[in-house]
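# have a look at this prediction, sequence included:
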Amino acid sequence: MKQFTLFLAITLTCLFSCAQQTPSKVLAKTPIRVNYITKVVVPELNIPWGMAFLPDTSILITEKTGELIHFKNGNKTTIEGLPEVYVRGQGGLMDIKLHPDYKNNGWIYFSYASSEGDGDGGHTAIIRAKLNENTLSNIEHLYKGAPNTKKGQHWGSRIEFDKNGYLYFSIGDRGNRDVNPQDITKDGGKIYRLHDDGSIPKDNPFVDKTDAKSAIFSYGHRNPQGMVMHPETGKIWVNEHGPKGGDEINIVEKGNNYGWPVISYGINYSGTQFTEITEKEGMEQPLFYWTPSIAPSGMAFVSSNKYPDWKGSVLVGSLKFEYLERLVIKNNKVVKREKLFEGLGRFRNIKQAPDGYLYAGVEGIGIVKIIPDSF
């Protein structure tokens, strides 16, 4: 018994010693290796769909249920003055984006589900407004999808500006996959482009097409819920929900057809096929697709020096599997995938803020800040 006890003590000492030595060896080989953790900075939010960082470092947050929250100095204030939000299914108060020259003009852009216009139900709308203390003012309606429908799915909708100041936004196919996405005379299943005041750019691809929606920039999309400008190329990237499988990342180009639902890497939720082809002439292939579906939402490029080992990566939130996915991309090809913060919750939104840190909106938790945790 004494011999066994002595053997066990020596073994445990060796194991502990080895465990202590291993990290130092790893660090010596990769001195920039860093772990990251999340810290809740805005607690007790339900579905934080979008967020925008004001020049004073406070945050504007959209709750899908229709509440606009201003978080400043640890306090949450509800901003008044929003138009009536039509909350149905996946629709509600969605994205928020500051004008690139916000410091000088004060414009804030919103996407939301609106019941205004013809027909029962609602459709995705875009407005801009200014913040006057705790109230929105100077509201201007820039775009409204039509006609209204009572269907609750596939509203989109993200907002982004490019380097030339054009305003882009997405509207999903609104649950009418066999009509809307491939028809440029109808709203839904599209990426749109406007001037910042809502006027139509003269070089939009379909301005001279009879009966076409002249705000359309690209079509054949299903339900884009992630949109971000590439920090180097200036191109607009989107991710979009497929059905059962076939979620996609696409680089949006003027006038292009991204194929939904004629081509797809997904199948019906029932397991049956709705198309037998994955490619067709005149329709774009995705940069990347997920099978099985992860239900992608917010998306961000990492360009900050705060995350040296993530720099250049794309981050995408997974609603279905409740994690943040990091994609390493080289020459427009995904060469590595990594799951981050598994089990934390449904990642609805992810942003790189002006301070260089990443912030994520997690359903049922709030806004979390991703910070380094050296080991």
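Alright, I've got the coordinates. Numbers count the residues shown, from 1 in each chain.
# from here on, contacts and neighbour counts on C-alpha atoms
Will do.
# and the strands in the stretch 51-200 of the chain?
Ranges of strands within the stretch 51-200 of the chain are 59-63, 68-72, 75-79, 93-98, 108-114, 123-132, 135-144, 159-161, 167-171, 190-194, based on DSSP state E, counting those that start in this stretch.
# elements contacting the shortest one?
It stands for strand 159-161. On a contact count with 3 or more Cα pairs under 8 Å, 6 or more residues apart in numbering; DSSP states H and E, strand 159-161 meets strand 93-98, strand 108-114, strand 167-171, strand 224-229.
# same thing with the fourth one?
Of the remaining helices and strands, those touching strand 93-98 by 3+ Cα pairs under 8 Å, 6+ apart are strand 48-53, strand 59-63, strand 108-114, strand 159-161.
# closest to residue 128 out of those?
Evaluated over the helices and strands packed on strand 93-98, closeness to residue 128 peaks at strand 108-114, with 4.3 Å, by Cα to Cα.
# just the angle between that closest one and strand 123-132, please?
Here the directions of strand 108-114 and strand 123-132 differ by 140 degrees (axes from the mean of the first three to the mean of the last three Cα atoms, to 10 degrees).
# pull up the pairing partners for strand 108-114, direction included.
Counting by DSSP bridges, the strands paired with strand 108-114 are strand 93-98 (antiparallel), strand 123-132 (antiparallel).
# send me the longest one as PDB with only the CA atoms.
Extracted in PDB, the C-alpha atoms of strand 123-132 (Å, rounded to 0.1, in the frame of the first residue of the first chain):
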ATOM      1  CA  HIS A 123     -43.800  44.900 -45.300                       C
ATOM      2  CA  THR A 124     -40.200  46.100 -44.600                       C
ATOM      3  CA  ALA A 125     -39.700  49.800 -44.500                       C
ATOM      4  CA  ILE A 126     -36.700  52.100 -44.300                       C
ATOM      5  CA  ILE A 127     -36.700  55.500 -42.500                       C
ATOM      6  CA  ARG A 128     -34.200  58.000 -41.300                       C
ATOM      7  CA  ALA A 129     -34.500  60.400 -38.300                       C
ATOM      8  CA  LYS A 130     -32.600  62.500 -35.900                       C
ATOM      9  CA  LEU A 131     -32.200  62.100 -32.200                       C
ATOM     10  CA  ASN A 132     -33.300  65.100 -30.100                       C
END
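# which positions in that strand come out as buried?
123-131 (16 or more other Cα atoms under 10 Å).
# just stretch 158-167 next, same as before
Using 16+ other Cα under 10 Å as the test for burial, stretch 158-167 gives 158-162, 166-167.
# circling back: what would the strands paired with strand 108-114 look like in JSON lines with distance to residue 358?
Shown next, in JSON lines, are those (distance: least, Cα to Cα, whole Å):
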{"stretch": "strand 93-98", "distance to residue 358": "16"}
{"stretch": "strand 123-132", "distance to residue 358": "24"}
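# quick one: closest of these to residue 286.
Nearest of those (Cα to Cα): strand 93-98, 23.7 Å.
# below-threshold pLDDT in the stretch 1-150 of the chain: ranges please.
The stretch 1-150 of the chain contains residues with pLDDT under 70 at 1-34.
# need the helices and strands packed on strand 159-161 in CSV (columns: distance to residue 365).
Putting those into CSV (distance: least, Cα to Cα, whole Å) gives the following:
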stretch, distance to residue 365
strand 93-98, 17
strand 108-114, 22
strand 167-171, 26
strand 224-229, 20
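# make JSON lines out of the helices and strands packed on strand 93-98 and add distance to residue 318.
JSON lines is the format used below for these (distance: least, Cα to Cα, whole Å):
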{"stretch": "strand 48-53", "distance to residue 318": "13"}
{"stretch": "strand 59-63", "distance to residue 318": "18"}
{"stretch": "strand 108-114", "distance to residue 318": "21"}
{"stretch": "strand 159-161", "distance to residue 318": "19"}
